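Q: Sequence first, then the predicted structure, then my questions.
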Amino acid sequence: MNPSASGWIDKYIFILEKGKVAFSFENEEAFYNSLRKNGFIYGFSIETLVALDNSNLKLTEEEVAKVNTLQSLMYLYFSHHKNSNYQSCIAHLILFYEKLSEKKSSLIPSMKFKLSESKKLEFVLKKRIEKTKSVDKAPFEQIVTNALLFLDILAYKIFLSDSKFTPKYYAENLEAVLLQSCFLALQTKSQKTKYDHLLLEMFEASTLHQTYFSGSDFSIQKIDFKLLKDPLEKMYLLDLCTLAVWNDQKMEPTEMVFMKQLCLKLKLHQNYAILSFEMLKTFVIKHTASINLFQYTHPAKQFYNQSSKLVKLLILRNKNRLIKELSQSKELIRLLGKSTVKDLSPKEKTLIKEQLFDIFKSIPSLTIFLLPGGSLLLPLLIKFIPQLLPSAFDDNKIPRK
């Protein structure tokens with residue numbers, strides 16, 4: 001099975017029907033722990049959730065993440081619909097992603113010729129996980145959005161039980177709680193590197209920060225944890241916060257105090273904070289040779305550098321479309337230009353976000369900014385558009401006759 005070739009989901013179903021792959025977890029916590037151990041929770045998939053008979057084909061990290069997403073979704077579906085079939089499962093997953101993206105055009109392909117449900121799902125998973133390639137064809141490393149892929153799994157879990165559930169609203173609000181918590185976790189570090197400060201600045205400059213962080217005295221008491229009811233949601237929050245402060249294979253006292261405060265807020269035993277740290281430590285030690293997230297580069301630096309490259313590439317590849325769209329909004333150009341010389345007000349940042357989101361919807365390759373995790377990249381986009389598209393901001397340009 002080759003997850004990068006068309007027809008891979010049909011081949012996977014064929015393998016399942018032959019009984020060569022079996023889903024078997026003692027409970028949901030065992031399922032989640034397996035996703036920790038294989039790196040999916042941390043955004044670095046090393047192994048598939050359920051072993052594949054792929055002895056002649058070594059899967060890339062991106063392909064493993066794709067398989068892990070599908071396997072996780074299918075596991076939840078058949079846990080809920082034990083007597084269903086694979087075709088019904090695929091159709092239900094398509095319905096879920098249509099609801100998650102609100103509009104079919106953003107994730108579900110719109111084509112004149114008929115496309116099978118499995119091919120539609122292949123397109124969705126590719127778009128959901130795909131890493132952008134650099135100009136010299138060297139792959140970019142995973143960005144933070146991959147660590148938020150588990151949001152899909154959590155949203156689908158609820159969607160299975162409630163057909164009226166709105167996954168997009170849930171994903172956006174849960175993402176906000178996750179990022180608020182990670183922001184506070186980073187702030188607890190007593191010895192911050194310059195890259196920790198860079199990452200904190202990105203949070204503070206984001207429209208998400210302006211929307212959900214009110215006042216300079218923002219604290220854990222102001223985070224609305226009521227949304228987190230499922231044990232998997234709570235463990236996931238702890239794991240992302242552990243990932244946010246990790247850089248030296250040890251937990252500082254101030255960091256552990258914060259993690260235990262989180263456990264208290266989440267109504268979890270404090271041992272869960274220790275377990276979260278130990279699970280990440282075990283994963284890193286075991287797979288140091290396979291990943292470079294913790295090996296040579298500080299995670300915050302890597303995130304900032306990779307995200308900057310990705311945003312610059314997307315701007316340049318869509319240069320003409322962006323200039324055309326920007327030319328139709330003088331107010332957006334004014335605000336983007338203003339952002340280069342002074343800080344914008346929360347109202348202005350919200351206005352920029354709304355207008356940019358309208359542009360993203362019209363340019364398919366920019367829909368990454370609409371996906372979970374995309375809000376973190378907005379400050380970089382706002383920063384680089386005036387730098388990379390100066391002609392759109394040239395007030396003294398004389399039009400050609």
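A: That came in fine, so what should we check first? Numbers count the residues shown, from 1 in each chain.

Q: Can you give me every residue that contacts the spatially closest residue to residue 37 that is not a sequence neighbour?
A: Nearest residue to residue 37, sequence neighbours excluded (C-beta to C-beta, 6 or more residues apart in numbering): residue 283, at 6.7 Å. All C-beta spots, glycine's among them, are computed from the backbone N, C-alpha and C. Residue 283 sits next to 36-37, 39, 42 when contact means C-beta atoms under 8 Å, 6 or more residues apart in numbering.

Q: thought residue 90 was touching residue 124?
A: No. Look at residue 90 against residue 124 with C-beta atoms under 8 Å: they stay out of range, at 10.5 Å.

Q: that older thread, farthest-separated two in the contacts of residue 283?
A: 37 and 42 (10.2 Å; C-beta to C-beta).

Q: And the two? Which one has more around it.
A: Of the pair residue 37 and residue 42, residue 42 is the one with more neighbours under other C-beta atoms under 10 Å, namely 27 against 17.

Q: give me every residue that touches the more buried one.
A: Neighbouring residues of residue 42 by C-beta under 8 Å, 6+ apart: 36, 147, 239, 243, 280, 283, 293.

Q: Backbone torsions only: list them for it.
A: phi -90, psi 0 (degrees, to the nearest 10).

Q: Check residue 228 too.
A: phi -90, psi 100.

Q: who's in contact with residue 326?
A: Going by C-beta under 8 Å, 6+ apart, residue 326 touches 332-333, 336, 359, 385, 389, 392.

Q: of those residues, closest to residue 365?
A: Nearest to residue 365, judged by C-beta to C-beta, of the contacts of residue 326 is residue 359 at 11.8 Å.

Q: Which of the helices or strands spans that closest one?
A: helix 346-362 (DSSP states H and E).

Q: Which elements pack onto that helix?
A: For helix 346-362, the packing partners by 3 or more C-beta pairs under 8 Å, 6 or more residues apart in numbering; DSSP states H and E come out as helix 207-212, helix 319-327, helix 330-338, helix 378-388.

Q: could you give the angle of it to helix 319-327?
A: Relative orientation of helix 346-362 and helix 319-327, computed by axes from the mean of the first three to the mean of the last three C-alpha atoms, to 10 degrees: 130 degrees.

Q: quick one: helix 346-362 to helix 330-338, angle?
A: Going by the same axes, to 10 degrees, helix 346-362 makes 120 degrees with helix 330-338.

Q: Between the contacts of residue 42, which sits nearest residue 46?
A: Using C-beta to C-beta, residue 283 is the member of the contacts of residue 42 that lies nearest residue 46, at 8.2 Å.

Q: With only the CA atoms kept, save stretch 173-180 in PDB.
A: Extracted in PDB, the C-alpha atoms of stretch 173-180 (Å, rounded to 0.1, in the frame of the first residue of the first chain):
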ATOM      1  CA  ASN A 173     -12.900  26.800  20.500                       C
ATOM      2  CA  LEU A 174     -10.800  23.800  21.700                       C
ATOM      3  CA  GLU A 175      -7.800  25.100  19.700                       C
ATOM      4  CA  ALA A 176      -8.200  28.400  21.500                       C
ATOM      5  CA  VAL A 177      -8.100  26.600  24.900                       C
ATOM      6  CA  LEU A 178      -5.100  24.500  23.800                       C
ATOM      7  CA  LEU A 179      -3.100  27.500  22.600                       C
ATOM      8  CA  GLN A 180      -4.000  29.600  25.700                       C
END
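
Q: Tell me the buried residues in that stretch?
A: Using 16 or more other C-beta atoms under 10 Å as the test for burial, stretch 173-180 gives 174-180.

Q: can I get those residues in CSV with pLDDT?
A: As requested, the buried residues of stretch 173-180 are exported to CSV (pLDDT from 0 to 100):
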residue, pLDDT
174, 90
175, 85
176, 84
177, 89
178, 88
179, 82
180, 84
